[in-house]
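In: below is the sequence, then the predicted model.
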Protein chains: 2
Amino acid sequence: MNIGDVADRSGLPPKTIRYYEDIGLVRPARSGNGYRAFSENDLHKLAFLGRARALGFSIEDCRRLLGLYEDSGRESAQVKAVAEEHLAEIDAKIAQLQAMRDTLAHLVRTCHGDARPDCPILSDLAGDPA
Amino acid sequence: MNIGDVADRSGLPPKTIRYYEDIGLVRPARSGNGYRAFSENDLHKLAFLGRARALGFSIEDCRRLLGLYEDSGRESAQVKAVAEEHLAEIDAKIAQLQAMRDTLAHLVRTCHGDARPDCPILSDLAGDPA
DNA sequence: ATAAGGGTTCCAGTCACTGGAAGCTCAAGA
DNA sequence: TCTTGAGCTTCCAGTGACTGGAACCCTTAT
């Protein structure tokens, strides 16, 4: 399979697939003409990576997960630990965004949004005492 | 004021303040010795930037907001538009993270997390039919 | 013969900093 | 007066995970 085929079948852009090879996540063979020659296993790995990335795992987490996936001697506790840590990070990020959202939504509600210059959003950013 | 003072009073690291000067967000004067000499107004602007960044506004949004803040002829509708657009982006990001979170939490719940190798997290990432 | 549509490499840019090196200035103490 | 240490300066490189673009090669069809 050429890179375009695996791109179509994995849903990853060719650029991303080349990048994953650069950083050693996949190691496709090469044809005589210099083209990458992907096996079904390569495709499978790339699809795995695509799903892991879609769940927000970092590249380094993906590398670990792929390593565990290919290690028949793994313990599921290792996988779960990676996932739980990531889950905690997601929860922290959601909490942070939610706090921003609440503040911002309040400010937007109190702003007239008309032709006059006075604006509680700017007042808040300027640190004016409410 | 030297950069250390404004750093303390604005809560921004010196590195960040220099960076903000680099990209033209503040333009402190210079003392004879080459040190940056910040005015109260510079400090005020930096604090403004710190609060805007804390609400997740991009640097370019911050530039716009600061411009509006200093433009007495602004219309509050302009400010509100910037804020509403950013709010929509935050909402989209929260929704995306929440979706990840739900999937991931489910997978974590179903994983034994013991010494055995079989793991529904890996099975899901591998695309195994549930 | 040529043109289109693959593929290849390499370099630069994104965003908002952050770390580190090398060197200058200033205030205080011995 | 000398020295020490803290604080300031600039510049360069790295972060994460790609993405865009240039320049060039390979294959297939017309």
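Out: Okay, I see it.
In: excluding chain neighbours, what is closest to A:G127?
Out: Using C-beta to C-beta, 6 or more residues apart in numbering or on different chains and skipping the chain neighbours, the partner closest in space to A:G127 is B:A47 (5.7 Å). Backbone N, C-alpha and C define where each C-beta goes, glycine included.
In: quick one: which helix or strand includes the one you found?
Out: Per DSSP states H and E, B:A47 falls inside helix B:40-54.
In: which elements pack onto that helix?
Out: helix A:120-125, helix B:3-10, helix B:14-22, helix B:59-70 (3 or more C-beta pairs under 8 Å, 6 or more residues apart in numbering or on different chains; DSSP states H and E).
In: nearest to B:S39 among those helices would be which one?
Out: helix B:3-10 (9.7 Å; C-beta to C-beta).
In: for the residue in chain A that DNA strand C sits nearest to, list the residues it contacts.
Out: Closest approach between chain A and DNA strand C, counting by C-beta to the nearest atom of the strand: A:G4, at 2.4 Å. For A:G4, the contact set (C-beta atoms under 8 Å, 6 or more residues apart in numbering or on different chains) comprises A:P14.
In: what pLDDT does it get?
Out: A:G4 carries a pLDDT value of 97.
In: likewise A:P14?
Out: Here the pLDDT value assigned to A:P14 is 97.
In: swap in A:A130?
Out: 70.
In: try A:A7
Out: pLDDT, read off for A:A7, is 97.
In: show the average pLDDT along stretch A:75-89.
Out: For stretch A:75-89, the per-residue pLDDT averages 97.
In: same deal with stretch A:104-116?
Out: The model assigns stretch A:104-116 a mean pLDDT of 97.
In: end-to-end on it?
Out: Chord length of stretch A:104-116, first to last residue, is 20 Å (C-alpha to C-alpha, to the nearest Å).
In: which residues touch that stretch?
Out: By C-beta under 8 Å, 6+ apart, stretch A:104-116 touches A:118-121, A:124, B:55-56, B:75-77, B:79-81, B:83-84, B:86-87, B:90.
In: and the residue in chain A sticking out farthest from the centre, how close does it get to A:G127?
Out: The C-alpha centroid of chain A is most remote from A:R116, which lies 41.8 Å away (C-alpha atoms, centre = their mean). Distance of A:R116 to A:G127, given as C-beta to C-beta, to the nearest Å: 21 Å.
In: just to revisit the earlier point, only C-alpha atoms, please: export the helix holding B:A47 in CSV.
Out: In CSV, the C-alpha atoms belonging to helix B:40-54 read as follows (Å, rounded to 0.1, in the frame of the first residue of the first chain):
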residue,chain,number,x,y,z
GLU,B,40,2.2,52.9,35.6
ASN,B,41,0.3,52.7,32.3
ASP,B,42,2.6,50.0,31.1
LEU,B,43,1.9,48.0,34.2
HIS,B,44,-1.8,48.6,33.8
LYS,B,45,-1.7,47.3,30.3
LEU,B,46,0.3,44.2,31.3
ALA,B,47,-2.2,43.4,34.1
PHE,B,48,-5.0,43.8,31.5
LEU,B,49,-3.2,41.4,29.2
GLY,B,50,-2.7,38.9,32.1
ARG,B,51,-6.4,38.9,32.9
ALA,B,52,-7.4,38.6,29.2
ARG,B,53,-5.0,35.7,28.8
ALA,B,54,-6.4,34.1,31.9
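In: write out the residues of chain A neighbouring DNA strand D.
Out: For chain A, the residues in contact with DNA strand D (C-beta under 7 Å from any atom of the strand) are A:13, A:15-16, A:19, A:32-34, A:53, A:58-60.
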